[in-house]
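>>> Take a look and give me a structure for this.
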Amino acid sequence: MLKDRSRRGYDRLGKEAGVSGSSLHRYCSGLSVPADYRVVHAFAKVCGASAEELRELHRLWALADTDRDAPATAAKDNPEPEPGPELEPVPVPEAHEPAVPAQESPGPEDVTPLEITPDETGKSRRSQVPEKWSSRFAILAAVVVVVLVAGFVWMPDWSSDDASPAAGDRLLYSGACKSVSMGQHDECVREVQTLLARAKGKLAVDGDFGPETLRRLTAFQVLAGLPATNVVDDATKKALYAQKVTMTTWSPAKVEKRVREVFVEDPDTAVAIARCTSFLDPLYVLPNTNGSRNWGVFQISDARLRELDGTPLRAFDPDWNIKAAHRLWSARHDFHDWPSCEAALKDKAKDKAKS
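Predicted coordinates for the structure are as follows:
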């Protein structure tokens with residue numbers, strides 16, 4: 001739809017978005033999914049997508065990316081069984097010998113019941129049980145013991161005040177919400193969204209775990225000092241209910257003002273770049289399929305953070321993020337670290353000049 005609306009060919013759009021025309025054709029035709037969302041974002045920007053369309057496009061890409069990884073995940077979770085030991089071949093009887101039928105697993109009627117017989121002292125004792133059945137009974141007993149022990153160990157400890165589901169006010173601790181992650185649509189997701197909203201996170205409470213919820217969850221985990229796992233694990237549930245983390249941050253107007261103050265050399269372009277990458281949202285996060293992420297106002301990547309001696313938590317500080325972006329700009333006095341947005345801005349400037 002975006003491509004048709006732009007009235008431009010794949011080659012031109014690909015050049016402006018920083019991707020080959022043939023790759024762009026495969027993406028738009030649904031033949032493959034881009035490995036990095038930034039390609040999709042750049043394509044949408046050069047097509048003039050609105051902020052709402054960009055959000056919807058990110059949601060669709062995330063779902064497609066999840067579906068693409070599903071077969072690999074299933075294979076990982078269900079590996080092929082390892083080959084067992086080789087069995088010795090059963091000798092084939094001679095022609096004059098009657099063939100002995102192959103042994104089959106005994107059914108209930110084939111099991112010889114245990115008999116109680118007196119021994120030479122007059123005391124009762126159990127009759128001899130074949131060795132193979134003794135081992136099977138032992139294995140069965142061991143399995144029962146393991147299951148019972150595991151059941152007691154696995155039972156959640158509701159004695160803690162922080163994890164008590166008393167009065168049903170902590171839905172995430174119920175059996176229905178053991179795992180909450182991308183792609184879910186239920187009351188467990190709605191509970192997570194409600195708790196994120198109470199922490200001053202800006203998101204819709206609709207029960208749909210999409211990219212918007214994932215971004216806010218990731219930001220919350222970082223602000224809470226937790227690993228950004230992309231799922232609502234036990235530590236995250238505890239932090240959400242504790243309500244000790246606030247996601248309050250700068251407004252877009254304050255972000256723009258600070259960008260202009262720092263990028264005195266080219267404030268208009270800097271603001272346009274920041275708006276392109278994060279909509280001037282200091283807690284904006286974009287995940288990449290290689291496991292890396294981009295953080296904050298100027299979407300500084302994990303690799304750049306390491307170079308700048310930064311962390312995701314520092315990247316969520318808008319003042320630090322803006323100054324760090326200016327350090328990157330100072331290397332060449334251009335915005336080469338944001339090629340997709342820069343290309344879109346240059347294209348718009350050309351169109352404006354022609355008009």
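
>>> Could you use CA atoms for every contact and neighbour count after this?
Noted.

>>> Tell me which stretches of the stretch 151-300 of the chain form strands.
Applying DSSP state E, counting those that start in this stretch to the stretch 151-300 of the chain gives strands spanning 285-287, 293-295, 300-301.

>>> Out of the ones you listed, flag the one nearest Glu261.
The closest of the strands of the stretch 151-300 of the chain to Glu261 is strand 300-301. By C-alpha to C-alpha, the value is 19.2 Å.

>>> hmm, who's touching the closest one?
For strand 300-301, the external contacting residues (C-alpha atoms under 8 Å, 6 or more residues apart in numbering) are 292-295, 315, 321, 325.

>>> Arg219 touches Pro282, doesn't it?
I think there's a mix-up here, since residue 219 is Ala and not Arg. No. Under the criterion of C-alpha atoms under 8 Å, Ala219 is not in contact with Pro282, lying 9.9 Å apart.

>>> Next, the buried residues of stretch 176-184.
177, 180-183 (16 or more other C-alpha atoms under 10 Å).

>>> how about the nearest residue to Thr236, chain neighbours excluded?
Gln221 (6.8 Å; C-alpha to C-alpha, 6 or more residues apart in numbering).

>>> Walk me through the domains of this structure.
For the chain, automatic domain parsing gives the domain ranges 2-72, 171-242, 252-354.

>>> Now mean pLDDT too, for those domains, in a markdown table please.
Output for those, formatted as a markdown table (pLDDT from 0 to 100):
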| stretch | mean pLDDT |
| --- | --- |
| domain 2-72 | 75 |
| domain 171-242 | 96 |
| domain 252-354 | 91 |
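
>>> Let me see the contact set for Met182.
209-211, 214, 230-231.

>>> Kindly indicate which of those residues lies nearest Val33.
Pro211 (16.2 Å).

>>> what separates the closest one from Ala204, distance-wise?
11 Å (C-alpha to C-alpha, to the nearest Å).

>>> okay, these two: which has more neighbours?
Taking other C-alpha atoms under 10 Å, Pro211 and Ala204 do not tie; Pro211 has more neighbours (23 against 14).

>>> is it true that that one touches Ala62?
Yes. Contact status for Pro211 versus Ala62: in contact at 6.7 Å, counting by C-alpha under 8 Å.

>>> got a list of contacts for the helix or strand containing Val40?
Val40 belongs to helix 37-46 when assigned by DSSP states H and E. With contacts defined as C-alpha under 8 Å, 6+ apart, helix 37-46 is touched by 2, 13-14, 16-19, 34, 54, 57-58, 61, 276, 286-288, 340-341, 344, 347.

>>> Kindly report the same for stretch 252-268.
With contact meaning C-alpha under 8 Å, 6+ apart, stretch 252-268 is reached by 270-271, 279-282, 318-319, 322-323, 326.

>>> of all those, which comes closest to Glu187?
Distances from Glu187 to the contacts of stretch 252-268, taken by C-alpha to C-alpha, are shortest for Asp281, at 27.3 Å.

>>> contacting residues for that closest one?
By C-alpha under 8 Å, 6+ apart, the contact list for Asp281 reads 250-252, 255, 296-297.

>>> By neighbours, which of those residues wins?
The most crowded member of the contacts of Asp281 is Val297, carrying 33 neighbours; neighbours defined as other C-alpha under 10 Å.

>>> before we move on, back to that, which of the buried residues of stretch 176-184 lies closest to His25?
Gly183 (26.6 Å).

>>> check contacts around the closest residue to the closest one other than its chain neighbours.
Nearest residue to Gly183 in three dimensions, chain neighbours excluded: Phe209, at 5.4 Å (C-alpha to C-alpha, 6+ apart). Taking C-alpha under 8 Å, 6+ apart as the criterion, Phe209 is in contact with 181-185, 189.

>>> how far away is Phe209 from Gly21?
From Phe209 to Gly21 the distance is 32 Å (C-alpha to C-alpha).

>>> Equivalent analysis for Gln243, please.
The gap separating Gln243 from Gly21 is 48 Å, by C-alpha to C-alpha.

>>> do the same with Thr249
According to C-alpha to C-alpha, Thr249 and Gly21 sit 40 Å apart.

>>> now do Val262
With C-alpha to C-alpha as the criterion, Val262 and Gly21 are 37 Å apart.

>>> now do Arg55
24 Å.

>>> Same question for Ala62.
22 Å.

>>> Please say which of those two ends up with more neighbours.
Legend: neighbour count by other C-alpha under 10 Å for Ala62 and Gly21, higher for Ala62 (22 against 18).

>>> Report the secondary structure element holding that one.
If you go by DSSP H and E, Ala62 is part of helix 51-77.

>>> got the contacts of stretch 252-268 as TSV, with distance to Ala49 columns?
Below are these laid out as TSV (distance: C-alpha to C-alpha, whole Å):
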residue	distance to Ala49
Ala270	20
Val271	18
Phe279	13
Leu280	17
Asp281	18
Pro282	21
Pro318	25
Asp319	28
Ile322	25
Lys323	28
His326	27
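
>>> Just to be sure, which of these are found in helices?
270-271, 318-319, 322-323, 326 (DSSP state H).
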